[in-house]
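**Q** Test case, fold it:
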Amino acid sequence: MDTQSLAAFLTVAEQASFSRAADALELTQPAVSKRIANLEGRIGARLFDRIGRRVRLTEAGETLLPKARQLLVLMDDTRRALANLDHRVGGNLTLATSHHVGLHRMPSVLRAFTHRYPDVALDLRFLDSEQAYQGVLDGALELAVVTLAPEPDPQLAVVRVWRDQLRFVCGHDHPLARREGLSLAELARHPAVLPGSRTFTRGLVTDRFARRGLRPNVGLATNYLETLKMMAAIGLGWSVLPETLVDGELVVLRVDEPPIERPLGYLFHRERTLSNAAQALIGELDSAADPA
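**A** Numbering: from 1, shown residues only. Sure thing, here's the model as predicted:
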C-alpha cells in the first residue's frame, strides 16, 4: 500500500471534496481520483460515496481512516529519525501558530531561527489554537506554538513560554469607561464581545465569572482578537484582551479582580520523533521564554 494513495485518501476525507483535495496536494483532480481508485482496488472496497458534489466516507472508509493516519505518522516519524542521524538542521518543519501568537510573539523567534538555520523549509500555518492542538494529535503538525489548553491531552508534551496578561477593556465612550472599582457582576450587566465559545481564552474568562456565580452577557463573538479590539473600541461591548493589544483606542477598566493570565507556549506529540529542525526551534523558544 503506497503512502501517496493513503495521503490522497486522508486529504479527500479531510476536505470532503476531490477538487479541494487536489488543490491541497497540488495535483490534478484526475490524479487524486486515480490514487483513490488504486487504493480501493487494493482494499477491495469503496472508500467514498459520491453523491453529486458531496463526498462521504463509506463504512470501509471510516474503518481505514485512523489506520491510514497512524501509518503515515509512522512513516513520517521513521523518515525524521533517519534524517536526524547526520545531525544536520534542515529539511521541512511543519509548524502551526495562532494568529495573535504568530503576530506578536513569534517574529523575533522566527527571525533568529531562520537566520541560524537557513536550510530549514518552514511550512508555517496560522490556525486557531484548538485546531493546532488537534493537528498535533493527528500527526499533521510536528509542532504548535499557541495558547495552551487548561487541561492538555496527556499524549502531548506542553511547555509554557510566555504569559499573556489579559485586561478588561472598552471604548472611550462606553458607560463603564470612567467607573472606578467595577465588579464582575456590574460587567455581566453589560454586553461583551469575546472570543468564540469553544476557545481556550473564552474558557478562562467564563471560568473567572463562574467562580462568582456569574455568566458574561456575550453579544458578539469572534476568534480574532484584533477584530475584538475593533469592536470594543467602537463601543459594541467590553472585552478581555492581551496587554499587547491595548493602546490609546481602548480604556482599561478598573475591575476589582486580578488580571486573567493566559499561558502561551509550544506542544508536540510525546510518541513522535522530533526532527533536528523542531528541536532547534524549541531551543529558540526556550531562550525567548519569560522568567519563571
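**Q** Please report how far Asp119 lies from His87.
**A** Computed as C-beta to C-beta, to the nearest Å, the Asp119 to His87 distance reads 13 Å. Using the backbone N, CA and C atoms, a C-beta is placed for each residue, glycine as well.
**Q** For Ala112, which residues are in contact?
**A** For Ala112, the contact set (C-beta atoms under 8 Å, 6 or more residues apart in numbering) comprises Glu284.
**Q** What separation is there between it and Arg125?
**A** As judged by C-beta to C-beta, Ala112 and Arg125 stand 20 Å apart.
**Q** so how many other residues sit close to the nearest residue to Pro175 once chain neighbours are set aside?
**A** Ranked by C-beta to C-beta, 6 or more residues apart in numbering and with sequence neighbours excluded, the top spatial neighbour of Pro175 is His190, at 7.3 Å. Residues near His190, counting by other C-beta atoms under 10 Å, number 16.
**Q** Same question for Thr58.
**A** 14.
**Q** what's it sitting at in phi/psi?
**A** phi -80, psi 180 (degrees, to the nearest 10).
**Q** just checking, the residue nearest to Pro175 touches Ser239?
**A** No. Counting by C-beta atoms under 8 Å, His190 sits too far from Ser239 to count as a contact (11.0 Å).
**Q** Give me the neighbour count for the residue nearest to Ala140 when sequence neighbours are not counted.
**A** Spatial nearest neighbour of Ala140, excluding adjacent residues (C-beta to C-beta, 6+ apart): Thr94 at 7.3 Å. Thr94 has 21 neighbours, counted by other C-beta under 10 Å.
**Q** again with Pro216
**A** 21.
**Q** Not including adjacent chain positions, what is the nearest residue to it?
**A** In space, Pro216 is closest to Ala192, 4.8 Å off (C-beta to C-beta, 6+ apart).
**Q** In which helix or strand does the one you found reside?
**A** Using DSSP states H and E, Ala192 falls within strand 191-194.
**Q** Give me the packing partners of that strand, helices and strands only.
**A** strand 217-221, helix 225-233, strand 239-242 (3 or more C-beta pairs under 8 Å, 6 or more residues apart in numbering; DSSP states H and E).
**Q** Touching, the residue nearest to Pro216 and Ser239? I think so.
**A** Yes. If you go by C-beta under 8 Å, Ala192 and Ser239 touch, sitting 6.4 Å apart.
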